[in-house]
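Chemist: I need the structure of the sequence given here:
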Amino acid sequence: MKKVLITGANKSIGFETARQLLQQGYYVYLGSRDAQKGREAADQLKSEGLDQVEPITIDVTDAGSIQAARQTIGSKTSVLDVLINNAGISGSYPQTALDAGTGVFRDVFETNFFGLIETTQAFMDLLHQSSEPRIVNVTSGLGSLTLHSDPSWKYYPVKPVAYASSKAALNGYTIMLAYELRDTNFKVNAVDPGYTATDFNHHSGPGTVPDAAARLVKAATLDENGPTGQFFSNDNAPETGISPW
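Modeler: Numbers count the residues shown, from 1 in each chain. Sure, this is the predicted structure:
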């Protein structure tokens, strides 16, 4: 049975991703910053008959919490097959390039970028033990520098500078990580779940949570012939599914 850790999985897209992977026979370590919310989410899945799930407390902005989660999972298994770096925040608004304080940038980057890197590095030894390791970094179409420079892009006026910059940085890290692991069985990709109706955006997005989660699941379950070092986004590239960086 393959094992996956999903950060920020106690609700929304992360929770639905856990559900879909459980349905495919994966054992899920359901990561949550709040221990109680993590237990409640795991209990909900178990009530649906999806019992191969275990809550893991992990706050990706806290190095001690990341290491504690690594020790907990390492005490239960010597192999982690999939890491889905889903935890993320949008940050406070407004976020304009002229007015957003550096504190806003630091808060957003701590979760969306630095936390992702620390989590990835902490679990790399367990991932190396898998025959088909997969890393899915959850990004956003707003992380595309190419599209932000294109006035014809449908989201061109949408420029939350701290959030978009953090996702652009995440995308850059994904490229570099995929390159370093190019001669291994790793598949490392950035996936934009799309503009989805969640509390992240006050349920303003047109996309559904199941569809968004399915995009993450697809990248998490790539076979040996699957791509690596790509930026997948149906919102930005509905024909190919691959977004410009």
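Chemist: in what helix or strand does the closest residue to residue 118 other than its chain neighbours lie?
Modeler: Nearest non-adjacent residue to residue 118, counting by Cβ to Cβ, 6 or more residues apart in numbering: residue 66, 5.4 Å away. Quick note: C-beta positions are derived from backbone N, CA and C, even for glycine. Per DSSP states H and E: residue 66 is located in helix 63-74.
Chemist: Residue 211 against residue 194, yeah?
Modeler: Yes - with contacts counted by Cβ atoms under 8 Å, residue 211 reaches residue 194, the gap being 7.1 Å.
Chemist: Settle it for me: which of those two has more neighbours?
Modeler: residue 194 (20 against 14; other Cβ atoms under 10 Å).
Chemist: show me what contacts that one?
Modeler: For residue 194, the contact set (Cβ atoms under 8 Å, 6 or more residues apart in numbering) comprises 141, 205, 207, 211-212, 215, 233-235.
Chemist: where along this protein do the helices fall?
Modeler: 12-23, 35-47, 63-74, 102-109, 115-128, 145-148, 161-180, 209-220 (DSSP state H).
Chemist: Please tell me how far the nearest residue to residue 91 once chain neighbours are set aside sits from residue 115.
Modeler: Leaving aside its sequence neighbours, residue 91 sits nearest to residue 108 (Cβ to Cβ, 6+ apart; 4.0 Å). Plainly put, residue 108 is 10 Å away from residue 115 if you go by Cβ to Cβ, to the nearest Å.
Chemist: Work out which residue lies at the spatial centre of the chain.
Modeler: Residue closest to the mean C-alpha point of the chain, counted by Cα atoms, centre = their mean, is residue 86 at 2.6 Å.
Chemist: Distance of the residue lying farthest from the centre of the chain relative to residue 161?
Modeler: Seen from the C-alpha centroid of the chain, the residue lying at the greatest distance (Cα atoms, centre = their mean) is residue 98, 28.7 Å away. As judged by Cβ to Cβ, residue 98 and residue 161 stand 9 Å apart.
Chemist: picking up where we left off before, you'd agree the residue nearest to the centre of the chain is up against residue 6?
Modeler: Yes - assessed by Cβ under 8 Å, residue 86 is found in contact with residue 6 at 5.5 Å.
Chemist: ok, how many other residues are close to the residue nearest to residue 38 when sequence neighbours are not counted?
Modeler: Leaving aside its sequence neighbours, residue 38 sits nearest to residue 32 (Cβ to Cβ, 6+ apart; 3.1 Å). Counted with other Cβ under 10 Å, the neighbours of residue 32 add up to 26.
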